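J.: build the 3D model from these lines:
(one chain, ligands or ions: 1)
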Amino acid sequence: MNTVDDVKQKLDIVDVISQYVKLQKSGRNFKAACPFHSEKTASFFVFPEKQSWHCFGACGTGGDIFSFIMKKEGVDFGQALHMLAEKAGVTLIHQSPQNVKEQHDQHEKLFKINEVAAEYFHYLLLHSNDSETARQYVKKRNLAPKTVENFQIGYALNRWDDLSGHLIKAGYKEADILAVGLIVLRDKEGYYDRFRNRLMFPIRDIKSRVVGFGGRALDDSLPKYLNSPQTPIFDKSSIIYGIDRAQASIRQKDSVVITEGYMDTIAAHEYGFENTVASMGTALTSKQISTLRKLSKNVIFALDSDQAGLEATTRSILTIDEQIPKEHWIPWLEAKTYNELGKYEVQVVEIKDGKDPDELIRKSPEKWAKLLEASQSIIDFTLKKEIDTITRNKPGDKSAIVGKFLPILSQIEDPVRRAHYAYKLAELINLDGRSVWEALLNSVAQEKKHRNTKGTRKTINYAQQGDDSRRIEEYCLTLLLNFPDLITISKKIDINYFEHSENKDILLTWQTDTNMEVLVEKLDPALREYLNHLYVDNNYAYFVNW
Ligand SMILES: [Zn+2]
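T.: As a prediction, the model looks like this:
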């Protein structure tokens, strides 16, 4: 999170404006006599949901928390940011002006090195005399030549200095090759290739840039799968294998299938299931989920049978409480991901007999298609699993199972879905639907009471308010900064279209001079980190279909 967001998240516009103006509740909003012009009837409004204000009287303007302070205190954006940061207890980070541009250039260099390495590995697999075992392995795994080409699968020779020698000869510097994780420093001096005698899988981001590699050992070396280390361009927590090739299909089919390994995803693509990605064997993180969310809200997990079927699965996914006991975690989900998953249609494909998707798909793509079609909501799935473990006609078991599921069902926000599952549960255990439904209503009421006493207001994320306009503004700025040729367009944009002060400030400065160095110099140092986010990290492809 950047500093501006942090400040917005910690402050409520109602609290801040209340310190200057006596606000009166008006429906869901607040009103007052405008502090900026004199009037008898109140036409100054504050909107808590959007975290914005507007004067419908003589001023006819409005804005966010920053623009209010700017206007009221007669300060510029930077000063307003400093004042509010202090109020919020946020420390401002000052990036040096050169950093932003330098970081951008450095990233480009690292991408280039990875690209060259990927091409080299791929060439070696296809043509080197020393790649015979690797080619045999590829054959044994039934990887089609087209697939090897599409995924640019390669081979790292069993030598200590092969790739590094190739890169140095091509003019790349040792420090950069080290930064991208392709070599490892020796204790005393020198370095050696990280990947040796491994089948190489380039890992690409959504823009198809090679951010890192996964290497599968072809001998008994451990680990069996070795990934690039964390580098400036390889953030393990946000990478999704196959996303570059899957994104179009995910949008088109409006669903994404998540497997565990590279091989599963590769096999799926080979047989036309192109909306498949891999979580890379690590826990599925919030960042990964947020990337996928922009493509589709329908998530299908392909689970090994031994991972599935825990009552804890459902509880964890649906729970609203962040403090989930550890024994209820799903091993491959981060704790904070659960809340987000509750908002999705999460489906589960159960794979029995200890097989993995790779084998299944290659054996029978038709069967895989049927399995996907038969994927069931995670609640259905868990209900059935749980009910299999009880004796249906024992009253004690029945009430135990109702007791177990009510807290889960009461978390579902959509009342229709909630009712659906209540009746389904009743049917499964031969109970009258009404009695389960009534118990559920009771449980929902309890839940609400519990939440109210906990005081959820404190946990509201103010920065998320007005999220849509923010994304549009960010998208617009990311494009303008990355394509300076858009200068004529940028000058035509009416500054009042922007609601968020930090974005206004950047656009205004950019309109006077479309030069990154000038921009960085002119902006308040506290905004550089945010600028960096817009210019370097932000991926405009992510915004499509948000
Ligand atoms: Zn006014």
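
J.: how near is residue 115 to the ion?
T.: With distances defined as CB to the ion, to the nearest Å, the gap from residue 115 to the ion amounts to 56 Å. C-beta coordinates here come from the backbone N, C-alpha and C atoms, glycine included.

J.: which SSE is that residue in?
T.: Element membership of residue 115 [criterion: DSSP states H and E] is helix 97-127.

J.: now tell me which helix or strand of the chain has the poorest mean pLDDT.
T.: Within the chain, no helix or strand scores below helix 311-318, which has a mean of 38 by mean pLDDT, DSSP states H and E.

J.: and what about the closest residue to residue 356 other than its chain neighbours, helix, strand or coil?
T.: Once its chain neighbours are removed from consideration, residue 356 has its nearest residue in residue 264; the separation is 6.0 Å (CB to CB, 6 or more residues apart in numbering). Of the three states, residue 264 takes helix according to DSSP: H, G, I helix; E, B strand; the rest coil.

J.: burial count for the residue of the stretch 401-546 of the chain found nearest the ion?
T.: Residue nearest to the ion within the stretch 401-546 of the chain (CB to the ion): residue 496, separated by 15.2 Å. Summarising burial for residue 496: neighbours were counted as other CB atoms under 10 Å, giving 10.

J.: swap in residue 225?
T.: A count of nearby residues for residue 225, using other CB under 10 Å, gives 17.

J.: show me what from the stretch 301-450 of the chain comes close to the ion.
T.: For the stretch 301-450 of the chain, no residues are found near the ion under the criterion CB under 5 Å from the ion.

J.: show me where pLDDT drops low in the stretch 301-450 of the chain?
T.: For the stretch 301-450 of the chain, residues meeting the criterion pLDDT under 70 lie at 303-345, 353-354, 382, 385-386, 389-393, 407-408, 410-414, 447-450.

J.: all helices of it, in order?
T.: Applying DSSP state H, counting those that start in this stretch to the stretch 301-450 of the chain gives helices spanning 311-318, 337-341, 357-363, 365-373, 378-388, 395-409, 415-428, 433-454.

J.: residues touching whatever helix or strand comes next after the last one, excluding its own?
T.: The one in question is helix 433-454. Where DSSP H and E defines the elements, the next helix or strand beyond helix 433-454 is helix 467-482. Residues external to helix 467-482 that are found in contact with it (CB atoms under 8 Å, 6 or more residues apart in numbering): 486, 489-490, 493, 498-500, 503, 506-507, 510, 514, 516, 519, 531, 534-535, 538, 540, 543, 546.

J.: deepest of the helices of the stretch 301-450 of the chain, which one?
T.: With neighbours taken as mean count of other CB atoms under 10 Å, the helices of the stretch 301-450 of the chain reach their highest mean count in helix 311-318, at a mean of 21.

J.: which ones are touching residue 268?
T.: When contacts are counted by CB under 8 Å, 6+ apart, residue 268 touches 257, 259, 274, 276, 357, 361, 368.

J.: list the buried residues of the host helix or strand of it.
T.: Using DSSP H and E, residue 268 sits within helix 262-270. By 16 or more other CB atoms under 10 Å, the buried positions in helix 262-270 come out as 262, 263, 264, 265, 266, 267, 268, 269, 270.

J.: among these, which ones lie close to the ion?
T.: Near the ion, judged by CB under 5 Å from the ion, there are no entries from the buried residues of helix 262-270.

J.: just name the closest of the residues you listed to the ion, please.
T.: Distance from the ion was checked for each of these by CB to the ion. The minimum falls on residue 265, at 56.9 Å.

J.: show me where the stretch 101-250 of the chain has its helices.
T.: Listed in chain order, the helices of the stretch 101-250 of the chain (DSSP H, counting those that start in this stretch) span residues 132-140, 145-150, 162-169, 174-179, 243-253.

J.: most tightly packed of these?
T.: helix 243-253 (a mean of 19).

J.: residues contacting it, please?
T.: Contact partners of helix 243-253, identified using CB under 8 Å, 6+ apart, comprise 150-151, 204-208, 256, 265, 269, 274-277, 291-292, 295-296, 541, 545.

J.: report the distance from that helix to the chain centre.
T.: Here the centre of mass of C-alpha atoms in helix 243-253, compared against the chain's by CA atoms, centre = their mean, to the nearest Å, lies 16 Å away.

J.: so what angle separates the directions of it and helix 262-270?
T.: Orientation of helix 243-253 against helix 262-270 (axes from the mean of the first three to the mean of the last three CA atoms, to 10 degrees) gives an angle of 50 degrees.

J.: helix or strand right after helix 243-253?
T.: Using DSSP H and E, the next helix or strand after helix 243-253 towards the C-terminus is strand 256-259.

J.: Provide the strand pairings for that next one, with the direction of each partner.
T.: Within its sheet, and counting by DSSP bridges, strand 256-259 is paired with strand 276-278 (parallel), strand 298-304 (parallel).

J.: nearest spatial neighbour of residue 56, skipping sequence neighbours?
T.: In space, not counting the residues next to it along the chain, residue 56 is nearest to residue 43; the distance is 4.5 Å by CB to CB, 6+ apart.

J.: what number of residues lie near residue 512?
T.: Residue 512 - counted by other CB under 10 Å - has 11 other residues nearby.

J.: that one and residue 528, how far apart?
T.: For residue 512, the distance to residue 528 under the criterion CB to CB, to the nearest Å works out to 18 Å.

J.: show the end-to-end separation of stretch 53-73, please.
T.: The straight-line separation of the ends of stretch 53-73 (CA to CA, to the nearest Å) is 16 Å.

J.: quick one: buried residues of it?
T.: For stretch 53-73, a neighbour-count test (16+ other CB under 10 Å) marks 53-55, 57, 59, 62-72 as buried.

J.: show me which of those residues neighbour the ion.
T.: Answer for the buried residues of stretch 53-73 near the ion (CB under 5 Å from the ion): 55, 57, 59.

J.: could I get these as JSON lines with distance to residue 140?
T.: What follows is those, written out as JSON lines (distance: CB to CB, whole Å):
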{"residue": "55", "distance to residue 140": "72"}
{"residue": "57", "distance to residue 140": "77"}
{"residue": "59", "distance to residue 140": "74"}
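
J.: residue 198: which of these is nearest?
T.: residue 55 (64.4 Å; CB to CB).

J.: report pLDDT for the closest one.
T.: On the pLDDT scale, residue 55 is placed at 90.

J.: number the residues from 11 up from this point.
T.: Happy to do that; since the first residue is 11 now, the last one works out to residue 65.
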